[in-house]
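*Asks:* This is a predicted model, with the sequence first.
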Amino acid sequence: MINPLNNAKNPYQGKAKRVLCVCSAGLLRSPTTAVVLAKEYGFNTRACGVDHEYALIPVSPTLLYWADEIVCMDGRQRHELERQIDKFNKKNVYMAPIVTDVHVLEVPDMYAYMDSDLQSMILNQYHKVVNNG
């Protein structure tokens with residue numbers, strides 16, 4: 001049986017910070033955030049959504065385990081991720097727990113993919129949250 005968790009932390013991904021970008025469906029805000037952070041900071045990024053019913057790429061234990069840092073677009077997504085991380089950690093007591101910094105950018109769901117205003121907001125909000133204000 002193949003276990004994707006075995007590959008989540010493989011050394012061949014390089015040394016760049018692994019940042020998981022999360023929104024509701026993983027279609028507009030989080031993919032834009034992934035592109036912007038990769039371009040601006042050289043991060044290794046992925047995008048996903050917390051709403052499993054319609055997310056293009058749903059958040060998964062593998063993605064959570066892979067990430068060094070998680071960037072959510074709003075507090076609802078952070079709450080859902082924390083619930084999933086807690087569930088995973090309780091279920092998998094023989095594995096290293098998922099311990100990841102989670103930041104909330106407070107980016108409203110009103111922009112098109114790669115909208116210039118969205119890109120500016122992402123950079124400004126990311127800079128604020130990682131520098132604590």
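*Replies:* Received it, and whenever you're ready, just let me know what you need. Model, not experiment: these values are computed from the prediction. Numbers count the residues shown, from 1 in each chain.
*Asks:* tell me which element C21 is part of?
*Replies:* strand 18-23 (DSSP states H and E).
*Asks:* Can you name the residues that contact T32?
*Replies:* By Cβ atoms under 8 Å, 6 or more residues apart in numbering, T32 lies in contact with 111, 113-115, 118-119, 122. Quick note: C-beta positions are derived from backbone N, CA and C, even for glycine.
*Asks:* what about it, helix or strand, and which?
*Replies:* helix 29-41.
*Asks:* List the buried residues for that helix?
*Replies:* By neighbour count on 16 or more other Cβ atoms under 10 Å, the buried set for helix 29-41 is 29-38.
*Asks:* so can I have a markdown table of those showing distance to C48?
*Replies:* Below are those laid out as a markdown table (distance: Cβ to Cβ, whole Å):
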| residue | distance to C48 |
| --- | --- |
| R29 | 11 |
| S30 | 7 |
| P31 | 9 |
| T32 | 13 |
| T33 | 11 |
| A34 | 9 |
| V35 | 14 |
| V36 | 16 |
| L37 | 14 |
| A38 | 15 |
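*Asks:* okay, the angle between the helix holding T32 and strand 18-23?
*Replies:* Interaxial angle, helix 29-41 versus strand 18-23 (axes from the mean of the first three to the mean of the last three Cα atoms, to 10 degrees): 150 degrees.
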